[in-house]
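> Got a predicted model here, sequence first, then my questions.
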Amino acid sequence: MKVIISGGGTGGHIYPAIAIANKIKEKNPNSQILFIGTEKGLESDIVPKAGYDIKTITVSHLRRKLSFHNVKSGGMLLKGLWQARKIIKNFKPDIVIGTGGFVCGPVVFMAAQMGIKTMIHEQNVFPGITNKILGRYVDRIAISFEEASKYFKERNKLIVTGNPIRQEFFSISTEVAKEKYKSEKENPLVLIVGGSGGSIGLNKTVTDMMIKHPSIDFEILLVTGKKHYSEVINNISQHKHILKYYKILAYIDDMPYALKACDLIICSAGAITITEINAVGKPSILIPKAYTAENHQEYNARALEKRGAALVIKENDLNADHLYSSIQEVLQNKETLKAMEKASVDASKKHATDSIYLEILKLTVDK
Ligand SMILES: CC(=O)N[C@H]1[C@@H](OP(=O)(O)OP(=O)(O)OC[C@H]2O[C@@H](n3ccc(=O)[nH]c3=O)[C@H](O)[C@@H]2O)O[C@H](CO)[C@@H](O)[C@@H]1O
């Protein structure tokens, strides 16, 4: 089987693509898989590390108002379509799969025009603009939440699969994970991460908390996002002694281990991170990013809060004292902690990758 997978920009579109690719390889070791992304997107770093080939094309997003940027974007879109066509023609895939982000627009659209089987996967309750448009042209629309179905007119193409995540989230043991990310004093480990790109607001709040509470009875691992790392390090340069309790990293490549090792995770409310949190059954404090399309992160976060698996803090209410007291509230009350862990496990959907693989088989066998 020959498969092209395209999705990019942020980890939330790339890691599901890798999870799908890994499943195809597991079931079908002779399959050939090619990724298409952009050079600027995180995919050009993450995909080769996961062991897959990637080709890049040029894309840009269209803005709602007519502007010079829009004219330029239109030109880039045409270029991207042409580049996508060339790659697809040479590779001759049996199926092309899009997992969201602007890059999969020209790739999946072009594949559909060339008569190749196509499928998209949407991670969120509120679909992204690219997927909403592509829904008209593809053969199958895999969604993660039943609620997303109302945003697609093409009812007969829909299938609810859940979010595909890397197999390691289900398979690695807590002992092995803790060996990698163990806390020096056996204190509880709190992982803080603002999605694949990091969060300026969350980084600032944690930095303020570090300075206000330099010695704590838990340990913090703050993942700043690659773009923001040096700023965070500069901001605490006068307070280096606090690094005894606070570790700071720019990015984590082995997130399954870090998530499995921690006792509590504080993060933005991207759909893939949430799926991963549930897979490892951890309690969380979710801080939805306020500017996301249709405010979809708050919706993700509230769904988990309703189940009792998470506390939610809105970005506007976030400050060092609030964050510190919320961490204490969860960690110091063992019953709360246990109840949140159980609710998190109960929210987990384990079969998304298998369901997507089945759909791929159906589409390619029908060919
Ligand atoms: C700002 C924004 O619009 N973000 C969206 C985006 O990106 P975003 O990348 O922020 O989304 P997610 O939080 O869902 O996923 C992040 C992914 O990156 C991984 N990771 C993160 C940090 C790190 O150091 N190492 C690492 O491996 C996580 O394990 C996860 O697999 O796509 C998601 C899925 O469509 C959406 O729900 C998010 O709302």
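Received, thanks.
> Could you use CA atoms for every contact and neighbour count after this?
Fine.
> hang on, isn't residue 178 packed against residue 261?
Yes. The pair residue 178 / residue 261 is scored as a contact, 4.6 Å apart, by CA atoms under 8 Å.
> of these two, who's got more company?
When neighbours are counted by other CA atoms under 10 Å, residue 261 comes out ahead of the other of residue 178 and residue 261, with 26 against 17.
> what's near enough to touch that one?
Taking CA atoms under 8 Å, 6 or more residues apart in numbering as the criterion, residue 261 is in contact with 174, 175, 177, 178, 180, 181, 182, 189.
> Helix, strand or coil: sort out residue 220 for me.
Counting by DSSP: H, G, I helix; E, B strand; the rest coil, the backbone at residue 220 sits in strand.
> hmm, back to that, buried subset of the contacts of residue 261?
174, 177, 178, 181, 182, 189 (16 or more other CA atoms under 10 Å).
> so who does the fourth one touch?
Residue 181 sits next to 257, 258, 261, 262 when contact means CA under 8 Å, 6+ apart.
> Show the pLDDT at it.
Confidence per residue is given as pLDDT, and for residue 181 that number is 90.
> Distance of it relative to the ligand?
Distance from residue 181 to the ligand, counting by CA to the nearest ligand atom, to the nearest Å: 14 Å.
> right, and residue 23 touches residue 357 too?
Yes. With the criterion set as CA under 8 Å, residue 23 and residue 357 qualify as a contacting pair; they are 7.0 Å apart.
> rewinding a little: just put the contacts of residue 261 in TSV and tack on secondary structure and distance to residue 55.
Shown next, in TSV, are these (DSSP: H, G, I helix; E, B strand; the rest coil; distance: CA to CA, whole Å):
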residue	secondary structure	distance to residue 55
174	helix	36
175	helix	38
177	helix	33
178	helix	36
180	helix	33
181	helix	34
182	coil	38
189	strand	39
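> Between which two of those is the distance greatest?
Of all pairs drawn from the contacts of residue 261, the greatest distance, 13.7 Å, lies between 175 and 189 (CA to CA).
> Which residues of the stretch 1-150 of the chain lie near the ligand?
By CA under 6 Å from any ligand atom, the residues of the stretch 1-150 of the chain that approach the ligand are 10, 11, 12, 13, 15, 123, 124.
> does the third one sit in a helix or strand, and which one?
Secondary structure assignment for residue 12, by DSSP states H and E: helix 11-27.
> Name the residues of that helix that are buried.
By neighbour count on 16+ other CA under 10 Å, the buried set for helix 11-27 is 11-24.
> and if you look at stretch 301-311?
Taking 16+ other CA under 10 Å as the basis for neighbour counts, the residues of stretch 301-311 that come out buried are 301, 302, 304, 305, 308, 309, 310, 311.
> what's the farthest-apart pair in the residues you listed?
Within these (distances taken as CA to CA), the two that end up farthest apart are 301 and 308, at 10.9 Å.
> Give me the below-cutoff pLDDT ranges for the stretch 251-367 of the chain.
Across the stretch 251-367 of the chain, residues meeting the criterion (pLDDT under 70) sit at 366-367.
> Distance check, residue 301 against residue 206.
Using CA to CA, to the nearest Å, residue 301 is found at 20 Å from residue 206.
> The ligand contacts on the stretch 201-350 of the chain?
With CA under 6 Å from any ligand atom as the criterion, the stretch 201-350 of the chain meets the ligand at residues 223, 251, 252, 253, 255, 270, 271, 272, 273, 292, 297.
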